[in-house]
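A.B. asks: Test case, fold it:
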Amino acid sequence: DTVAGITCMDTSGSYTCSCGTYYQASGGTCVDIDECAVMNGGCGTGFTCANNVGAAPTCTAISCGAAPSVTNAGSPSISGGAGGGSTTTYGATAAYTCNTGYTKSGMDSVCQLNGTWTAAPTCTVISCGTPPAVTNAAAPAVSGGVGGGSTTTYGATATYTCSSGYLLQSGSPNTRTCGTGGTWTSNTITCIPSSCTLVYDFAMPSSTSAALRIQPGIAGNTTVNIGPGKMIVRVPNNNTRTPTTGTAEILYYDMDLYFASSGVTTQTRNCLLQPGMAAPAIPATAEPPEQVNVSQCLRETNTTAMATGTFNYVNGGTGSFAFECYEPEPTSTGYTPAMATGTSPGCLRTWFSYGRVWCQSGQTCSLALPTNQWLDRTSAWSQHMETSASPGTVALASNLSTLTLGNRGGGSTTSAWVHVPNDDTGWTGFALQGTLNTGASTCNVSALP
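C.D. replies: Have a look, this model is predicted:
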């Protein structure tokens with residue numbers, strides 16, 4: 001028989017009694033035991049235990065309830081837990097994934113024995129900070145980005161605009177984007193000058209070419225030759241640095257002249273003076289002009305326009321420079337350098353000329369100077385370019401490879417002429433053939449057709 005947890009059995013006229021399951025002997029009787037205690041603390045870590053009289057205890061997993069929400073993150077992914085599966089019970093982990101453009105700080109939440117979640121992580125917006133500067137470009141305009149407005153956050157675009165006098169190089173991007181790593185993309189943004197230089201070297205002309213003519217309208221004045229020199233012209237260019245039509249500016253002009261007339265041989269150096277510099281006095285002990293570097297003369301590094309005109313580029317490589325600035329129009333007689341105002345576009349301002357005059361033995365010199373005497377020009381003059389047409393043009397050959405200054409009234413080369421001032425009533429014209437120096441030019445001449 002079993003009564004209150006006691007089980008008795010008849011064994012040859014006597015009874016043997018024992019306590020049933022979940023009961024124990026105590027003072028000659030069977031009492032209900034503490035089932036949870038018998039089970040060594042209950043149902044195991046993560047559960048709560050409830051005793052049932054005469055029956056097995058009830059074990060319930062500890063629950064933390066819904067996982068906390070995190071701003072700028074989706075619903076967490078629940079895994080683990082005492083109850084298994086994706087329950088929010090003890091030991092479960094709530095794993096968070098921040099929305100695009102945000103980064104997670106802190107650990108994922110875990111369900112604790114006390115039935116609460118550990119602190120949830122935070123999602124903060126990714127910021128790239130101020131966009132990097134680009135040489136020769138203004139500070140970029142920023143738009144888009146997480147959070148809206150013009151913030152420099154994830155997804156924002158920084159758009160660059162080249163500064164005045166520069167343009168975006170062909171193939172170069174003009175934007176950078178704020179990425180997931182909190183850095184701007186490393187696009188190489190290149191702003192190039194909107195103008196380039198064409199450098200023409202003047203060489204000694206052949207003996208048969210027109211070189212220098214003293215008062216060409218007067219019979220008996222002959223040409224000998226012109227020494228080497230250089231002309232640097234700044235012209236517009238496109239985004240590949242190929243020349244384009246627009247304003248032409250002469251930055252540098254230098255030339256040595258050698259000529260003879262009436263028994264007098266002259267070596268003369270012509271140069272443009274640096275802006276604001278006075279014409280120097282050349283001492284009689286100075287070396288021949290072609291060997292003297294006068295500090296007042298313009299340097300090849302000059303960036304100030306000394307003359308302005310127009311540049312016409314024709315597809316196929318040909319083109320022309322046009323300069324015009326005579327007031328009044330010079331003639332073979334009655335014109336003096338003082339008449340040139342030197343204020344119009346196209347004038348080569350503050351022109352300086354000096355040289356050595358050698359009176360040959362046995363000749364009557366046309367200039368009242370001692371033999372082997374320097375001719376000292378102490379005044380700054382204006383240099384002008386013009387042709388018979390208006391405005392005057394300086395011809396360029398195919399691929400801009402040669403530049404020709406003609407000699408007006410001096411033979412077949414009549415496209416242009418140049419006036420070299422002197423202190424008499426005449427004028428001097430000359431013809432030059434310049435060859436493009438591709439190494440010194442900054443224009444992309446290799447791109448020319």
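
A.B. asks: pLDDT value on Asn444, please?
C.D. replies: Listed pLDDT for Asn444 reads 91.

A.B. asks: For it, which residues are in contact?
C.D. replies: Contacts were defined as CB atoms under 8 Å, 6 or more residues apart in numbering; by that measure Asn444 touches Cys196, Asn237, Thr240, Arg241, Thr242. (Glycine included, C-beta is placed from N, CA and C.)

A.B. asks: Determine which two of those are furthest apart.
C.D. replies: Using CB to CB, the two most remote members of the contacts of Asn444 are Cys196 and Thr240, lying 10.3 Å apart.

A.B. asks: And the two? Which one has more around it.
C.D. replies: Cys196 (21 against 13; other CB atoms under 10 Å).

A.B. asks: Report pLDDT for the more buried one.
C.D. replies: pLDDT, Cys196: 96.

A.B. asks: got it, and Ala25?
C.D. replies: Reading off the model, Ala25 has pLDDT 77.

A.B. asks: Setting aside sequence-adjacent positions, which residue approaches it most closely?
C.D. replies: Closest residue in space to Ala25, ignoring its immediate chain neighbours: Cys19 at 5.2 Å, by CB to CB, 6 or more residues apart in numbering.

A.B. asks: in the sheet, who's paired with that neighbour?
C.D. replies: Ile6 (DSSP bridges).

A.B. asks: Over to Ser446: give its phi and psi.
C.D. replies: For Ser446, the backbone dihedrals are phi -70, psi -20 (criterion: degrees, to the nearest 10).

A.B. asks: residue contacts, it?
C.D. replies: Thr438.

A.B. asks: Next one: it from Ser105, what distance?
C.D. replies: The spacing between Ser446 and Ser105, counted by CB to CB, to the nearest Å, is 55 Å.

A.B. asks: Cys191: how many residues sit nearby?
C.D. replies: Neighbours of Cys191 using other CB under 10 Å come to 22.

A.B. asks: and it, how far is that from Leu198?
C.D. replies: Distance, Cys191 to Leu198, by CB to CB: 21 Å.

A.B. asks: coming back round to it: wait, the residue nearest to Ala25 touches Asp32, no?
C.D. replies: No - taking CB atoms under 8 Å as the definition, Cys19 is not a contact partner of Asp32, at 9.9 Å.

A.B. asks: re the thing from before, against Ala50, how distant is the residue nearest to Ala25?
C.D. replies: 22 Å.

A.B. asks: Cys30 too?
C.D. replies: 22 Å.

A.B. asks: And Thr89, by the same measure?
C.D. replies: 16 Å.

A.B. asks: Those two: which is more packed in?
C.D. replies: Counted by other CB under 10 Å, Thr89 and Ala50 do not tie: Thr89 has more neighbours, with 23 against 12.

A.B. asks: Surely the more buried one and Gln112 touch.
C.D. replies: No - look at Thr89 against Gln112 with CB under 8 Å: they stay out of range, at 10.8 Å.

A.B. asks: got any residues that touch both of the two?
C.D. replies: Joint contacts of Thr89 and Gln112 (CB under 8 Å, 6+ apart) are Cys64.

A.B. asks: which secondary structure element contains Val134?
C.D. replies: According to DSSP states H and E, Val134 maps onto no helix or strand at all.

A.B. asks: can you tell me how far the spatially closest residue to it that is not a sequence neighbour sits from Ala137?
C.D. replies: Closest residue to Val134 apart from its sequence neighbours, by CB to CB, 6+ apart: Ile189 at 4.7 Å. Between Ile189 and Ala137 the distance is 7 Å, computed by CB to CB.

A.B. asks: When the two are compared, which one has more neighbours?
C.D. replies: Ile189 (21 against 17).

A.B. asks: Can you give the strand pairings for the helix or strand encompassing Thr435, parallel or anti for each?
C.D. replies: Per DSSP H and E, Thr435 falls inside strand 432-436. Strands adjacent to strand 432-436 in the sheet, as given by DSSP bridges, are strand 195-202 (antiparallel), strand 402-405 (antiparallel).

A.B. asks: could I get these as CSV with distance to Cys8?
C.D. replies: Output for those, formatted as CSV (distance: least, CB to CB, whole Å):
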stretch, distance to Cys8
strand 195-202, 118
strand 402-405, 133
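
A.B. asks: What segments of the chain are helices?
C.D. replies: 35-38 (DSSP state H).

A.B. asks: in the stretch 301-449 of the chain, which ranges drop under the pLDDT threshold?
C.D. replies: The model of the stretch 301-449 of the chain has pLDDT under 70 over residues 317, 324-347, 349-393, 405-432, 449.

A.B. asks: ok, now with 50
C.D. replies: Judged by pLDDT under 50, the stretch 301-449 of the chain has its weakly predicted residues at 332, 364, 366-368, 375-378, 387-391, 407-417, 420-427.

A.B. asks: The stretch 101-250 of the chain now?
C.D. replies: Short version for the stretch 101-250 of the chain, where the test is pLDDT under 50: 208-225.

A.B. asks: Show me the strands in it, by range?
C.D. replies: For the stretch 101-250 of the chain, the strands defined by DSSP state E, counting those that start in this stretch cover 102-105, 109-110, 122-125, 141-143, 157-159, 166-168, 175-177, 191-193, 195-202, 212-214, 225-236, 246-261.
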